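Colleague: Predicted model and sequence below, questions to follow.
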Amino acid sequence: MFIKRKRGWEIPESEATPESVFLNRRTLMAGAAGLIGASALPRIALAEERPTSDLYPAPRNEGFVLDRDLTEESVAANYNNFYEFGSSKSVAAAAQRLEAWPWSVRIEGLVEEEQTLDVEALIRRMSLEERLYRFRCVEAWAMAVPWTGFPMADLVALARPLSSAKYVLMETFYEPTMAPGQRQIWYPWPYTEGLTIAEATNELTMMVTGIYGKPIANQFGAPLRLIVPWKYGFKSIKSIVAFRFVEERPMSFWEELAPQEYGFWANVNPDVPHPRWSQATERMLGTNERRDTLLFNGYGEWVADLYEGMERERLFA
Ligand code: MTE
């Protein structure tokens with residue numbers, strides 16, 4: 001994801017370090033760390049250490065099938081967008097500084113009663129399942145991964161929004177001492193995203209707590225993130241601390257930064273190019289296979305009716 005006013009740190013995907021080079025460098029670094037002692041490196045929390053580890057793997061919902069192979073875990077886990085920890089794709093090590101447990105989320109705004117929920121307790125209360133979804137970044141790379149979590153509709157039910165609530169705004173933590181990217185003051189921190197209530201309660205929309213049959217690793221947005229598979233990846237906000245139910249359409253991080261490039265709806269469409277590149281095809285992470293982009297990322301059957309009669313909106317940006 002880059003903005004129009006391109007700065008030095010924002011290198012296009014095509015110029016980024018190839019994954020193989022990066023992975024080799026990591027292996028070398030890990031080897032060196034073994035020789036000199038690992039104390040100077042951030043501690044990489046193992047999935048087994050998470051307080052919710054006993055809940056994984058969760059049963060797979062066979063209703064969601066893929067038309068492509070799953071992306072290898074090591075590939076997906078080393079190619080991330082998490083600007084709180086830097087604007088490169090190689091943020092996995094830096095994201096280990098994220099203190100994801102314990103964690104709480106606020107439910108606020110137009111709800112019957114505002115609440116603060118402990119995330120571990122929330123996860124234990126929900127019925128977890130695994131789903132295989134396609135994931136499409138606006139930068140034209142894609143992956144296919146097994147997410148574990150629960151329908152966002154269950155969270156909305158718990159929140160009990162008032163009938164005046166039309167949207168839900170989600171917010172990521174703001175802690176510049178822990179997340180060095182947040183010291184880059186030109187970004188409109190904290191990261192925010194929003195959905196209509198109809199989108200949030202659509203069957204596909206998931207609150208994700210795990211991936212690859214394990215508790216979610218930090219770089220994917222531990223301990224709780226959103227997944228909306230028919231929209232570009234930037235809508236899928238990570239490490240959420242607040243759900244605010246509101247009447248007006250909220251402004252989100254990328255829309256505020258570059259409104260001519262990123263909009264509220266951000267539905268995947270091969271026929272609507274980004275102002276600076278085509279969206280007709282996508283590159284699968286790991287294999288570099290080129291595939292045709294699918295309208296609504298292939299999920300039109302579930303979601304196309306959400307947008308009927310809205311032809312005048314910028315639905316695909
Ligand atoms: N959420 C937060 N808080 N910060 C981010 O930088 N990046 C977004 C989205 N959610 C981002 C975020 C973008 S641009 C993408 S493509 C996806 O996360 C990437 O998810 P992944 O790293 O799990 O593949």
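Modeller: Now that the structure is in, tell me what you want to look at.

Colleague: hey, let's count contacts and neighbours off CA atoms from now on
Modeller: Will do.

Colleague: can you tell me which residues contact the most centrally placed residue in the chain?
Modeller: Residue closest to the average C-alpha location in the chain (CA atoms, centre = their mean): residue 236, at 3.5 Å. By CA atoms under 8 Å, 6 or more residues apart in numbering, residue 236 lies in contact with 193, 225, 226, 227, 228.

Colleague: neighbours around the fourth one, how many?
Modeller: By other CA atoms under 10 Å, 24 other residues sit near residue 227.

Colleague: before we move on, what about the first one?
Modeller: Using other CA under 10 Å, residue 193 has 25 other residues around it.

Colleague: Could you do the third one as well?
Modeller: For residue 226, the count of nearby residues is 24 (other CA under 10 Å).

Colleague: what bridges to it?
Modeller: Beta-bridge partners for residue 226, by DSSP bridges, are residue 207.

Colleague: For it, list the residues it contacts.
Modeller: Applying CA under 8 Å, 6+ apart, we find residue 226 in contact with 205, 206, 207, 208, 235, 236, 237, 238.

Colleague: The first one touches residue 197, doesn't it?
Modeller: Read that as residue 205. No - the pair residue 205 and residue 197 does not pass the contact test of CA atoms under 8 Å, sitting 10.9 Å apart.

Colleague: Strands of the stretch 1-150 of the chain, start to end?
Modeller: In the stretch 1-150 of the chain, the strands defined using DSSP state E, counting those that start in this stretch lie at 104-109, 115-118, 129-136, 141-151.

Colleague: one step back: need the contacts of residue 226 in CSV (columns: distance to the ligand).
Modeller: Shown next, in CSV, are the contacts of residue 226 (distance: CA to the nearest ligand atom, whole Å):
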residue, distance to the ligand
205, 14
206, 13
207, 13
208, 10
235, 6
236, 5
237, 4
238, 4
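
Colleague: closest to residue 287 among those residues?
Modeller: For the contacts of residue 226, the residue nearest residue 287 by CA to CA is residue 236; the value is 23.2 Å.

Colleague: Check the gap between the closest residue to residue 293 other than its chain neighbours and the ligand for me.
Modeller: Closest residue in space to residue 293, ignoring its immediate chain neighbours: residue 281 at 4.7 Å, by CA to CA, 6 or more residues apart in numbering. Going from residue 281 to the ligand by CA to the nearest ligand atom, to the nearest Å gives 16 Å.

Colleague: contacting residues for residue 281?
Modeller: 140, 270, 290, 291, 292, 293.

Colleague: Now it, what are its backbone angles?
Modeller: phi -130, psi 170 (degrees, to the nearest 10).
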